[in-house]
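Engineer: no sequence on hand, only this structure:
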Ligand SMILES: CCCCCCCCCCCCCCCC(=O)SCCNC(=O)CCNC(=O)[C@H](O)C(C)(C)COP(=O)(O)OP(=O)(O)OC[C@H]1O[C@@H](n2cnc3c(N)ncnc32)[C@H](O)[C@@H]1OP(=O)(O)O
């Protein structure tokens, strides 16, 4: 699944770069949407995110493209690989800026883990 965000002034830290907390929120949301769309009727909660490293700052006005794809399917959990790219609208090129894997667990209405549907 693909999704886009524009980095707005309210997303910046006091150095003028994208605050990493927003990146993590977007990765969580987009991974969750991908998992929920791929598994209709399932209720997912986030259990963990893999290594988080910020190697490139992102400035105001950047257009971010998010790619989320299932990477692993367990008994009650599934993991999505999420990659983020910054588009340069002037040149039409993009640069990889962030990636991680995020795991969700299917839960029932009482919040207890339950098995994923068989595919
Ligand atoms: C929510 C709906 C909102 C709807 C409205 C719209 C909102 C639109 C915006 C959406 C935005 C995004 C939404 C995100 C969803 C939250 O943000 S949810 C909030 C944060 N998460 C939580 O509160 C979950 C709290 N955790 C728990 O309740 C319990 O840990 C759970 C999830 C029920 C799991 O129970 P448990 O007994 O701890 O289970 P356990 O056997 O240890 O592990 C279960 C599975 O997880 C795996 N696992 C355990 N630890 C890890 C780990 N560190 N890493 C990877 N896998 C792990 C295990 O291997 C196992 O996998 P399987 O072998 O079954 O496949």
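Structural biologist: That came through, no problem. What you see is a predicted model; the values in this text were computed from it and never measured.
Engineer: what pairs with the closest residue to residue 4 other than its chain neighbours across the strands?
Structural biologist: Nearest in space to residue 4, with sequence neighbours left out and distances taken as CB to CB, 6 or more residues apart in numbering, is residue 65 at 5.6 Å. To be clear about C-beta, it is placed using only N, CA and C from the backbone, and glycine gets the same treatment. Beta-bridge partners for residue 65, by DSSP bridges, are residue 4, residue 85.
Engineer: likewise the one 5 residues further on?
Structural biologist: Taking DSSP bridges, one obtains residue 80 as the residues bridged to residue 70.
Engineer: re earlier: my guess is the residue nearest to residue 4 contacts residue 88, does it?
Structural biologist: No - using CB atoms under 8 Å as the test, residue 65 is too far from residue 88 to be in contact (11.4 Å).
Engineer: between those two, which is the more surrounded one?
Structural biologist: Neighbour tally, residue 65 and residue 88, criterion other CB atoms under 10 Å: the higher count belongs to residue 65, 15 against 11.
Engineer: need the pLDDT of that one.
Structural biologist: According to the predicted model, the pLDDT of residue 65 comes to 97.
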